[in-house]
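Engineer: Got a predicted model here, sequence first, then my questions.
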Amino acid sequence: MSATMRTATWADSADNAANASSTARPVKPAYVPPHLRNRSMAAPAEPPSLVANDRGLGNNWGSSSNFKQDFGAGRQVGGGYGGGGGGFGGFNRGGAGNGRERVGGGGGRREANPFENDVDEPFTEQENTGINFDAYDDIPVETSGENVPPPVNTFAEIDLGDALNQNIKRCKYVKPTPVQRYAIPISLAGRDLMACAQTGSGKTAAFCFPIISGILTEQYAQRPRVARTAYPLALILSPTRELSCQIHDEAKKFSYQTGVKVVVAYGGAPITQQLRELERGVDILVATPGRLVDLLERARVSLQMIRYLALDEADRMLDMGFEPQIRKIVEQMDMPPPGMRQTLLFSATFPKEIQRLASDFLASYIFLAVGRVGSSTDLIAQRVEYVLESDKRSHLMDLLHAQRENDVNGKQGLTLVFVETKKGADALEHCLCVNGFPATCIHGDRTQQEREQALRSFKTGNTPILVATDVAARGLDIPRVAHVVNFDLPNDIDDYVHRIGRTGRAGKMGLATAFFNDSNLSMAKPLADLMQEANQEVPAWLTRYAARTPYGGGRNKRTGGARFGGRDVRKESSYNKGNDYYGGNGGGYGVPASYGGGYGQGVTSAWD
Ligand SMILES: Nc1ncnc2c1ncn2[C@@H]1O[C@H](COP(=O)(O)OP(=O)(O)OP(=O)(O)O)[C@@H](O)[C@H]1O
């Protein structure tokens, strides 16, 4: 059945009426239905965000005033009044004719319009429409596995249902990106999938569309009615709080007016508010692993009805830091086993040993690679400069200064600067601020409110420089990031791929600059190889370093030069032997079914 939904009915007129009577947008309170007014609401009506410019704090490059403050209201957990009225466990979706209640219908809360704050960026019309498709046309694609469903060329070829199609239009997606062309039909066919596609190429929609469509069209058994326990049908896990929030925001757009209820749960934010959202019903739960384990242990969430499990940044989710929690969630609670649920793993990088580990979670899966596994997109111009440790700060400021001079018509791109440690992030932010560069920072030692304020201030352009640890390396989709600076190079080439992937997204061009010195020798060869693969100019000095230093660069050794193909680990003769992951480099790490990994004491992680 294709989902036929009422669209643009009273909710839209209510929006319009509310808009007409509201004052300045940033302080517009969320709509409260009359029968709920004067009650204590689960989600207080907070302004969606306060843009610093509204307080007269516009960009002021080069002045020495204090740019450190990030203004803005705290994030409204659960995304406002998007409630469902479905009771515990959300809607009990049935097949045709049983009337999935539209969110906000009946006695439920009105569904906030997630598109209402979408602003067209001040770029050209072509850029505004999203992806520059020509950039992806000749990208190599590889699939392996049994009976791979054929790809599609247009959204119209896929039966996603009227309501979802309407939302795709609202998102201004004209045609599917390569990963969407392949992944959506595979997922709609009910197959498990391990998908590897370049940063910024639309993986979020690639796993969200089939999940939403599946929830809308499948017949599910009645969900149990156990007081205070939520029974989601789909679980989307991601490694950071900010990324979970972003996926939640996207999923709410895709499921607008479909009746599918999306809830987010992540650490650092009050759990009570998240619990109340869950009690109102949830079909798709987006979560970070730590908070989800907490909810499971409190029996406030049961996974017994899960039909779809998606891991975004799946290689990160299955590496040492997260694997124990993921195994606990997926294997030791009440989630249906592989085959009884559909599992979708997505990332831009998939080291082979992680592929082996991941196979524990999958049933007869299809492997999809769009572009080289772990490669960067050639939309990103990569530069590497030799900079002594002691010169890094002044060199960065020179770069920022030159950038400011080159800004055309006041159109300022955002700059994301990656450093290795939390202390280093604070120190660099301070240094930039006292030197008149409007900067803020994000890292794991800041409170969640500070983290979200920093991100908001960066996104709005109020503080167009964000100093970050790897907590911001993956998944974040910030449209105007023009320049990524690796002030400190990471030790793993995959981390580099994700970091630079914060620019050059959705077909747009980007610039990435890395500072290299003798403390980065192990990265010389992987960096030179990666740049070569992406058709970048490799400086002669880096090639010389690469030639004389042993291969390092973390787990994902690239031994095959610039060829495409053969990355599905199942195709390799060593598959199932379980020992020579990368030609005997110490092995042992991530042995399938091992449990109890995690960072050892004293090993710091920038992650949640
Ligand atoms: N079909 C489409 N047409 C136009 N824009 C699209 C389409 N699909 C996705 N986008 C946009 O492309 C951008 C990047 O998408 P997304 O964040 O899903 O990338 P990703 O592949 O998950 O990246 P990463 O590897 O960094 O997590 C988003 O702004 C998204 O709205």
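Structural biologist: Nice, I can see it.
Engineer: quick one: pLDDT of residue 139?
Structural biologist: Note on residue 139: pLDDT of 83.
Engineer: what kind of secondary structure is it in?
Structural biologist: Following DSSP: H, G, I helix; E, B strand; the rest coil, we place residue 139 in the coil state.
Engineer: how close does it sit to residue 156?
Structural biologist: As for residue 139, its distance to residue 156 is 22 Å (criterion: CB to CB, to the nearest Å). To be clear about C-beta, it is placed using only N, CA and C from the backbone, and glycine gets the same treatment.
Engineer: Comparing those two, which shows the higher neighbour count?
Structural biologist: Shown here are residue 139 and residue 156; by other CB atoms under 10 Å, residue 139 has more neighbours (18 against 10).
Engineer: quick one, phi psi at the more buried one?
Structural biologist: With angles defined as degrees, to the nearest 10, residue 139 sits at phi -80, psi 130.
Engineer: In contact with it, which residues are there?
Structural biologist: Contact analysis of residue 139 by CB atoms under 8 Å, 6 or more residues apart in numbering lists 178, 198, 370, 371.
Engineer: how close does the last one get to the ligand?
Structural biologist: By that I understand residue 371. Using CB to the nearest ligand atom, to the nearest Å, one gets 11 Å for the distance from residue 371 to the ligand.
Engineer: So that residue is in contact with residue 177, correct?
Structural biologist: No. Shown here, residue 371 and residue 177 do not form a contact pair, counting by CB atoms under 8 Å, at 11.3 Å.
Engineer: shared neighbours, these two?
Structural biologist: residue 201.
Engineer: give me the low-pLDDT residue ranges for the protein?
Structural biologist: Residues of the chain meeting the criterion pLDDT under 70: 1-108, 119-137, 372-376, 407-411, 550-566, 573-608.
Engineer: Show me where it has its strands.
Structural biologist: Assigned by DSSP state E, the strands in the chain fall at 141-144, 193-197, 234-237, 262-265, 284-287, 308-312, 342-347, 366-370, 380-386, 414-418, 439-442, 465-468, 481-486, 510-516.
Engineer: winner for burial among those strands?
Structural biologist: Comparing the strands of the chain by mean neighbour count (mean count of other CB atoms under 10 Å), strand 262-265 ranks first with a mean of 30.
Engineer: That strand pairs with which strands?
Structural biologist: Strand pairing for strand 262-265, using DSSP bridges, gives strand 284-287 (parallel).
Engineer: what sits up against the partner strand?
Structural biologist: 211-212, 215, 230, 232-238, 244, 247-248, 251, 255, 260-266, 278, 292, 295, 301.
Engineer: Tell me if it is near the ligand.
Structural biologist: No. Figure legend: strand 284-287 not in contact with the ligand (CB under 6 Å from any ligand atom); closest approach 13.4 Å.
Engineer: do the same with stretch 414-433
Structural biologist: No. Interface with the ligand: stretch 414-433 contributes nothing (CB under 6 Å from any ligand atom), its closest point being 12.3 Å away.
Engineer: Can you measure across that stretch, start residue to end residue?
Structural biologist: Its start and end residues considered, stretch 414-433 measures 15 Å (CA to CA, to the nearest Å).
Engineer: and what of stretch 387-398?
Structural biologist: Stretch 387-398: ends 12 Å apart by CA to CA.
Engineer: Spell out which parts of this protein neighbour the ligand.
Structural biologist: Residues of the chain that fall close to the ligand, judged by CB under 6 Å from any ligand atom: 130-131, 173, 176-177, 180, 197, 199-205, 348, 475, 477, 501, 505-506.
Engineer: hmm, 5 Å instead?
Structural biologist: By the rule CB under 5 Å from any ligand atom, the part of the chain lying against the ligand is 130-131, 173, 177, 199-205, 348, 475, 477, 501, 505-506.
Engineer: you'd agree residue 513 is up against residue 385?
Structural biologist: Yes. Taking CB under 8 Å as the definition, residue 513 is a contact partner of residue 385 at 6.5 Å.
Engineer: which ones are touching the residue nearest to residue 525 when sequence neighbours are not counted?
Structural biologist: Using CB to CB, 6 or more residues apart in numbering and skipping the chain neighbours, the partner closest in space to residue 525 is residue 546 (4.1 Å). Contacts here follow CB under 8 Å, 6+ apart; on that basis residue 546 touches 524, 525, 527, 528, 529.
Engineer: Measure how buried the first one is and give me the count.
Structural biologist: In this case it means residue 524. Neighbours of residue 524 using other CB under 10 Å come to 26.
Engineer: same deal with the last one?
Structural biologist: When neighbours are defined as other CB under 10 Å, residue 529 has 22 of them.
Engineer: Next: the fourth one.
Structural biologist: A count of nearby residues for residue 528, using other CB under 10 Å, gives 20.
Engineer: Same question for the third one.
Structural biologist: Per other CB under 10 Å, the neighbour tally for residue 527 reads 26.
Engineer: Keep only those of the contacts of residue 546 that are in helices.
Structural biologist: 524, 525, 527, 528, 529 (DSSP state H).
Engineer: which of those residues lies closest to residue 542?
Structural biologist: Comparing those against residue 542 with CB to CB places residue 528 closest, at 5.2 Å.
Engineer: picking that back up, can I get the strands of the chain in CSV including distance to residue 359?
Structural biologist: Converted to CSV, the strands of the chain look like this (distance: least, CB to CB, whole Å):
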stretch, distance to residue 359
strand 141-144, 13
strand 193-197, 8
strand 234-237, 17
strand 262-265, 27
strand 284-287, 23
strand 308-312, 13
strand 342-347, 10
strand 366-370, 10
strand 380-386, 31
strand 414-418, 31
strand 439-442, 34
strand 465-468, 33
strand 481-486, 32
strand 510-516, 32
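Engineer: Ok, which of those comes nearest residue 224?
Structural biologist: strand 284-287 (15.7 Å).
Engineer: any idea which of the contacts of residue 139 has the most stuff around it?
Structural biologist: residue 198 leads the contacts of residue 139 on contacts (other CB under 10 Å) with 30 neighbours.
Engineer: In the stretch 151-300 of the chain, mark out all the helices, start to finish.
Structural biologist: Counting by DSSP state H, counting those that start in this stretch, the stretch 151-300 of the chain has helices at residues 162-170, 178-188, 203-217, 241-254, 271-279, 289-297.
Engineer: Helices of the stretch 401-550 of the chain, residue ranges please.
Structural biologist: Under DSSP H, counting those that start in this stretch, the stretch 401-550 of the chain gives helices at 422-434, 448-459, 493-500, 524-533, 540-548.
Engineer: what sits against the residue in the stretch 301-450 of the chain positioned nearest to the ligand?
Structural biologist: For the stretch 301-450 of the chain and the ligand, the shortest gap (CB to the nearest ligand atom) falls at residue 348, measuring 4.2 Å. Residue 348 is in contact with 196, 197, 198, 199, 203, 374, 497, 498, 501, counting by CB under 8 Å, 6+ apart.
Engineer: That one and residue 378: what is the separation?
Structural biologist: From residue 348 to residue 378 the distance is 14 Å (CB to CB).
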